[in-house]
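Novice: pasting the structure only:
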(Lines give C-alpha, C1' and ligand atoms only; values in the text may rest on other atoms or scores of the structure.)
Protein backbone atom coordinates (compact mmCIF):
# COMPACT_ATOMS: atom_id res chain seq x y z
CA UNK A 1 0.00 0.00 0.00
CA UNK A 2 1.28 3.48 -0.83
CA UNK A 3 1.46 6.63 1.24
CA UNK A 4 -1.83 8.21 2.31
CA UNK A 5 -1.72 11.99 2.33
CA UNK A 6 -4.29 13.82 4.45
CA UNK A 7 -5.79 16.79 2.64
CA UNK A 8 -7.43 19.56 4.68
CA UNK A 9 -11.05 20.30 3.92
CA UNK A 10 -11.43 23.94 2.90
CA UNK A 11 -14.28 26.22 1.84
CA UNK A 12 -14.43 28.64 -1.11
CA UNK A 13 -12.14 31.10 0.67
CA UNK A 14 -9.58 28.33 1.27
CA UNK A 15 -10.39 28.35 4.99
CA UNK A 16 -10.57 25.09 7.01
CA UNK A 17 -14.13 23.90 7.55
CA UNK A 18 -15.55 21.12 9.73
CA UNK A 19 -16.40 17.65 8.53
CA UNK A 20 -19.99 17.32 7.31
CA UNK A 21 -22.32 15.55 9.71
CA UNK A 22 -26.09 15.00 9.52
CA UNK A 23 -28.29 17.94 10.53
CA UNK A 24 -25.31 20.30 10.78
CA UNK A 25 -24.17 18.52 13.94
CA UNK A 26 -20.62 19.21 15.21
CA UNK A 27 -19.93 16.30 17.52
CA UNK A 28 -16.84 15.69 19.61
CA UNK A 29 -14.90 13.15 17.55
CA UNK A 30 -13.17 10.50 19.67
CA UNK A 31 -11.88 7.94 17.17
CA UNK A 32 -11.66 7.02 13.50
CA UNK A 33 -10.45 4.33 11.12
CA UNK A 34 -9.99 3.84 7.38
CA UNK A 35 -10.58 0.44 5.79
CA UNK A 36 -7.39 -1.34 4.71
CA UNK A 37 -8.23 -0.84 1.02
CA UNK A 38 -8.96 2.85 1.69
CA UNK A 39 -12.52 2.96 0.37
CA UNK A 40 -14.43 3.46 3.63
CA UNK A 41 -13.93 5.86 6.54
CA UNK A 42 -15.47 5.48 10.02
CA UNK A 43 -15.63 8.30 12.56
CA UNK A 44 -16.69 7.79 16.18
CA UNK A 45 -18.21 10.64 18.18
CA UNK A 46 -20.06 10.74 21.48
CA UNK A 47 -23.25 11.27 19.49
CA UNK A 48 -22.84 8.32 17.11
CA UNK A 49 -20.88 6.54 14.41
CA UNK A 50 -20.58 7.91 10.89
CA UNK A 51 -19.41 6.30 7.64
CA UNK A 52 -18.13 7.89 4.45
CA UNK A 53 -17.52 5.94 1.25
CA UNK A 54 -14.42 7.07 -0.60
CA UNK A 55 -14.47 6.98 -4.40
CA UNK A 56 -11.49 5.61 -6.37
CA UNK A 57 -8.80 8.29 -6.59
CA UNK A 58 -10.69 10.63 -4.24
CA UNK A 59 -8.80 12.36 -1.44
CA UNK A 60 -9.75 11.65 2.15
CA UNK A 61 -10.59 15.33 2.57
CA UNK A 62 -13.00 15.29 -0.37
CA UNK A 63 -14.74 12.17 0.95
CA UNK A 64 -15.11 13.70 4.42
CA UNK A 65 -16.62 16.82 2.84
CA UNK A 66 -19.73 14.87 1.82
CA UNK A 67 -22.66 13.91 4.05
CA UNK A 68 -22.00 10.59 5.88
CA UNK A 69 -24.28 7.69 6.73
CA UNK A 70 -25.09 7.09 10.40
CA UNK A 71 -24.35 3.57 11.68
CA UNK A 72 -25.56 1.68 14.75
CA UNK A 73 -23.62 1.97 17.98
CA UNK A 74 -23.77 0.30 21.38
CA UNK A 75 -24.86 2.08 24.52
CA UNK A 76 -21.38 2.49 25.96
CA UNK A 77 -20.59 4.50 29.07
CA UNK A 78 -18.00 6.62 27.31
CA UNK A 79 -17.51 5.10 23.87
CA UNK A 80 -14.32 6.46 22.41
CA UNK A 81 -12.75 4.00 19.99
CA UNK A 82 -13.62 2.33 16.72
CA UNK A 83 -11.87 0.07 14.24
CA UNK A 84 -12.50 -2.04 11.16
CA UNK A 85 -11.83 -5.74 10.76
CA UNK A 86 -9.18 -6.46 8.09
CA UNK A 87 -11.88 -6.95 5.40
CA UNK A 88 -13.99 -3.97 6.65
CA UNK A 89 -17.10 -6.17 6.84
CA UNK A 90 -17.18 -5.65 10.62
CA UNK A 91 -16.40 -2.76 12.93
CA UNK A 92 -15.65 -2.78 16.63
CA UNK A 93 -16.28 -0.21 19.34
CA UNK A 94 -15.39 0.02 23.00
CA UNK A 95 -15.53 2.41 25.90
CA UNK A 96 -12.57 3.55 27.94
CA UNK A 97 -11.61 1.90 31.19
CA UNK A 98 -10.37 -1.49 32.36
CA UNK A 99 -12.67 -4.37 31.50
CA UNK A 100 -14.74 -2.45 28.93
CA UNK A 101 -16.65 -4.74 26.57
CA UNK A 102 -15.94 -4.75 22.84
CA UNK A 103 -19.07 -4.35 20.71
CA UNK A 104 -19.12 -6.01 17.28
CA UNK A 105 -21.18 -4.79 14.31
CA UNK A 106 -21.43 -6.68 11.00
CA UNK A 107 -21.98 -4.32 8.06
CA UNK A 108 -23.52 -6.95 5.74
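Specialist: Received, thanks. Please read all numbers here as calculations on a predicted model, not as lab measurements.

Novice: what distance do you get for residue 69 to residue 98?
Specialist: Here the criterion is CB to CB, to the nearest Å. By it, residue 69 lies 32 Å from residue 98. All C-beta atoms are positioned from the backbone trio N, CA, C, and that covers glycine.

Novice: with residue 64 instead?
Specialist: Relative to residue 98, and taking CB to CB, residue 64 is found at 33 Å.

Novice: more neighbours, these two?
Specialist: Each of residue 64 and residue 98 has its neighbours counted (other CB atoms under 10 Å); residue 64 has more, 21 against 4.

Novice: what does the pLDDT read for that one?
Specialist: You'll see residue 64 listed with a pLDDT of 86.

Novice: give me phi/psi at it?
Specialist: Main-chain dihedrals, residue 64, degrees, to the nearest 10: phi -70, psi -10.

Novice: you'd agree it is up against residue 52?
Specialist: Yes - with contacts counted by CB atoms under 8 Å, residue 64 reaches residue 52, the gap being 5.8 Å.

Novice: find residues that contact each of the two.
Specialist: residue 41 (CB atoms under 8 Å, 6 or more residues apart in numbering).

Novice: shaky segments in the protein?
Specialist: 1-27, 108 (pLDDT under 70).

Novice: which stretches in it count as strands?
Specialist: Secondary structure of the chain (DSSP state E): strands located at 29-34, 40-45, 48-53, 69-71, 79-84, 90-95, 102-106.

Novice: neighbours around residue 79, how many?
Specialist: Neighbours around residue 79, by other CB under 10 Å: 22.
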